[in-house]
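In: A structural model of the following input is requested.
(3 chains)
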Amino acid sequence: MRRLQSEVGVFARSTYFQYVALFQWATVQGYIAYKVLLPVTQILFFVELGTYATGRQNALYFALGNALQLTANAGIFGVIATVANERQFGTLPILLASPANRLVTFLSRAVVNVIDGIATVIVGLAVAAILFGLDLQHGNLLLLGLCVLVISFTTAGLGLLFGSIGLIMRDAIIIANVVYYLLLVVCGINFPVSRLPEVIQLVSYGLPLTRGVEAAREAAAGASFSHISGLLAGEVVVGVLYALAGYALFRLLEAYARRGGLQEAY
Amino acid sequence: MISLVRAAFSAFAVSMRLRVISPWAYLNWLLFPTIFTAIGLFVLSRPGATTTQLAYGVLGGGLIGYWGVAYLDGGNGIQDERWNGTLEQIFAVPTPLWVIVLGKACGSLLFGILSFLPTVAFAYFGFHALLPGVDAARLAISIGVLSFTFLTISITLTPLFALWRWAFSMLNGFELGVYVLCGFMFPVTVLAPWAQVISGSLSPTWATRAIYAATTNEGPHDFALWWLAAILISLAYLVGALFLYQMVERRARVSGELALA
Amino acid sequence: MQTAPAIEITGLRKKYVNKRGTFRRTKVENVALAGIDLAIRPGELFGLLGPNGAGKTTTTKILTTLLLPDSGQARVLGLDVVKQTSAVRSRIGFVFGGDRGLYWRLSGLNNLRYFAELYRIPPDVSKRRIGELLERLGLAGREHDKVEVYSRGMKQRLHLARGLLNDPEVLFLDEPTIGLDPVGARELRVLVRELADAGKTIFLTTHYMFEADSICDRIAVIKKGAIVAEGTPSSIKRVVENQGVVEFEVVGMPADRLAGLRGLAGVSSVTVVDQELAQVVTVHCTRPAEVMTQLGVILEGLTLRKVSSREPTLEDAYVQLIGEST
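Out: As a prediction, this is how the structure comes out:
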């Protein structure tokens, strides 16, 4: 019991520090630029593009897809920023040398970004609803909320993998940028996955977001939980796999660093 | 005078040298435009799509890439100079700042226009999409006018970026909003009327309109009017730029803001 | 006939205004220069000596046209640095300390070529001069390497080469040896002295007392934006001429005893430096012998060690002027 208490304490403190570290770069202007302007303009651009191509009645399709994809903004860039901070301020060796539970410290990096991701979706959807008059009356909003929660976790799982890669490569942020924009192509954000070549569809279903976005679209159209539970379960499995891969890489790097092989991580 | 031209060329050459070895430059002119082209064509090239919609898919990514490099690289360049500590140095040379910026901006344009190569190729090989009707002469002039609008914007914005780091963050966050307002991937006529007013005050909007008209055979063909609008608005920006450069000179010397705080 | 000064500063003042907070903005004023006067002769190697934040960099930046003063005048080669900006810029060179200010991803040669163009130097002249500078500053043979692989010392010499591209009549060096290892710093000092001997006017700032002492013709000591002493190194030493220094070690130094020591007649400053378990106390005073006898009274009951009295050094003069006493 005591052990558990201390773990919870470590987790809470660690999360708090991640929060402070994550936003210490942010001036008010920076926050507005990347947490308000960027999400809103991304949704605007793709909704206008989509409705120009397919008609006004499809605004919800594009708004929902892009709002959900924006969780990846928080998940991927947020975790990478956290790791970059750890490196910049030299706190990583301290973290590695501490007796704290590895999994706990590792996962705490993602928590802030999950919350941040959910906030982004809400802001994005609200703005789109006002500008394009989205109608969610027939949707299963509770279920849609569950989808948002799940997707925020799974994209953060992808982010955790990039966080670990960020320990080896200084330019991980570049790869993250590429992946972020590729998600827009392959995850059924702006057009159905079925239109992609079959080989690429395999990639689509190997990534988080794809199943979650599909489930969220169904929920927004009024589907019941049993209808989309399979998709959501698949989404969770994919997200956990990425987080585990990130954790495995993190432990591997830790062992490697202790043998003196990984100066770069410090 | 000759020494000024040489200074500008030297700034151009250095900006090219730095860009060739920067991975970000390749993302901006090669990868991002191609990704946007892919999304644009998947969305726009449905059965029953009009030829104009197809043209937006073919050229939209290239326009986005061109703009992205022209202003984004310029803005990043200034931030890099600030981090390097060279911003203060180029400020204290006998060559006026705008000459150096002009040289750098030309480098950005040359790199940016490359964006049309991967995007148009991708449209052709990936989607067998071609431009419906190309009026080569008018297209060439329109691209020239577009380049001029990008050049003037790049020159105008640089002093802002030099003074205020947050100005660059803001524009960076608003990046996709610019694509919307300038009509890079869909016509601005689909926007709300108030948004169209803003669009109209942006010089690239008119040049972009001319580019699409020169590639689709459709709609009115008021090329001369569009070119004139783009050029006049650009010149108005330059008048503003004149004021901004004076302000940078003054502000920077009062507060020492060019040094990295 | 008296020659016109190469640099002339009268009543120069500058304060920075920082705004703090985002919503409730408060202004914080920071006086960097509180009205300074200086005159530097052509061909002189002049050192501005002072601790961090004393106003050295601000002075250098005003003189190199990078910063505007709030009031007062500054002339370089008879030109007003506020108004005749571009005339000043083409006739001066400047080097700031640290390894920033170069394009790391370009070669040393390309860095120099680029700045030569920005200084609008004719190509034939710049080609010859770059070759000479590379040779003279010991960079020949490495000019095609990227700056990022240069050592700190090489980067600093490249900085110096850049500062000399336009063959400036006046060269400004702001803490040029900062961050260099002792060997690199000494090499740079030798180079700077050679440049001065070749007739260039050099304005050097430093917070290393020995650096100013070893190469400068004349020194001014700046403290909190004001000049507190000016003259040759030996004339500045005279500030503490009639003084002596008493030093001793003590374990634990209560505040009241310290005050008592300071209150003694003739004591001008008392410095306490912690050294492991003990404190080293340095007392500057006019009558060291008297202080020695009083020590036993004031510090009764404390363990004193290594009590000694000595002649003042330039470092003592500097410490006294800057007043870094606790």
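
In: please count neighbours and contacts with C-alpha atoms only from this point.
Out: Will do.

In: just the helices from the chain, written as ranges.
Out: In the absence of a named chain, this looks at chain A. A:2-23, A:28-31, A:38-54, A:59-72, A:78-88, A:92-97, A:102-132, A:141-168, A:172-186, A:198-205, A:210-220, A:225-258 (DSSP state H).

In: correction: the question concerned chain C.
Out: Using DSSP H, the helices of chain C run over residues C:56-63, C:85-91, C:108-118, C:123-136, C:152-164, C:182-197, C:209-215, C:233-237, C:255-262, C:288-298, C:314-322.

In: pick the most buried one from the helices of chain A.
Out: Stretch with highest mean neighbour count among those: helix A:59-72 (a mean of 26; mean count of other C-alpha atoms under 10 Å in any protein chain shown).

In: what's in contact with it?
Out: A:39, A:42-44, A:46-48, A:50-51, A:114, A:116-118, A:120-122, A:124-125, A:128, A:132, A:134-135, A:148, A:151-152, A:155-156, A:159, A:180, A:183-184, A:188-190, A:209, A:213, A:217 (C-alpha atoms under 8 Å, 6 or more residues apart in numbering or on different chains).

In: how near is the closest residue to chain B within the stretch 101-250 of chain A to B:Ala241?
Out: Nearest to chain B, among the residues of the stretch 101-250 of chain A, is A:Val185, at 5.8 Å (C-alpha to the nearest C-alpha). Separation of A:Val185 from B:Ala241 (C-alpha to C-alpha, to the nearest Å): 38 Å.

In: list the contacts of B:Ile155.
Out: Here B:Ile155 is in contact with B:98, B:101-102, B:105, B:238, B:241 (criterion: C-alpha under 8 Å, 6+ apart).

In: dump those residues to JSON lines, plus neighbour count and pLDDT.
Out: Below are those laid out as JSON lines (neighbours: other C-alpha atoms under 10 Å in any protein chain shown; pLDDT from 0 to 100):
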{"residue": "B:Trp98", "neighbour count": "18", "pLDDT": "89"}
{"residue": "B:Val101", "neighbour count": "24", "pLDDT": "90"}
{"residue": "B:Leu102", "neighbour count": "20", "pLDDT": "92"}
{"residue": "B:Ala105", "neighbour count": "30", "pLDDT": "91"}
{"residue": "B:Leu238", "neighbour count": "16", "pLDDT": "95"}
{"residue": "B:Ala241", "neighbour count": "22", "pLDDT": "92"}
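
In: out of the residues you listed, who's nearest B:Gly57?
Out: Within the contacts of B:Ile155, distances to B:Gly57 taken as C-alpha to C-alpha reach their minimum at B:Ala105, with 26.9 Å.

In: and that closest one, how far is that from chain A?
Out: Distance from B:Ala105 to chain A, counting by C-alpha to the nearest C-alpha, to the nearest Å: 23 Å.

In: would you say that residue is within a helix?
Out: Yes. According to DSSP: H, G, I helix; E, B strand; the rest coil, B:Ala105 belongs to a helix.

In: now the residue most central in space within chain C: how far from C:Val307?
Out: Most central in chain C under C-alpha atoms, centre = their mean is C:Thr206, positioned 2.0 Å from the mean C-alpha point. Computed with C-alpha to C-alpha, the distance linking C:Thr206 and C:Val307 is 32 Å.

In: now check stretch A:125-145, is it near chain B?
Out: No. If you take C-alpha under 8 Å from any C-alpha of the partner chain as the test, stretch A:125-145 misses chain B, and the best it gets is 9.6 Å.

In: hmm, back to that, so which of the contacts of B:Ile155 are in helices?
Out: Counted as lying in helices by DSSP H, out of the contacts of B:Ile155, are B:98, B:101-102, B:105, B:238, B:241.

In: as JSON lines, these with distance to chain C would be great.
Out: Compiled in JSON lines, the ones in helices among the contacts of B:Ile155 are given as follows (distance: C-alpha to the nearest C-alpha, whole Å):
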{"residue": "B:Trp98", "distance to chain C": "12"}
{"residue": "B:Val101", "distance to chain C": "12"}
{"residue": "B:Leu102", "distance to chain C": "13"}
{"residue": "B:Ala105", "distance to chain C": "16"}
{"residue": "B:Leu238", "distance to chain C": "23"}
{"residue": "B:Ala241", "distance to chain C": "20"}
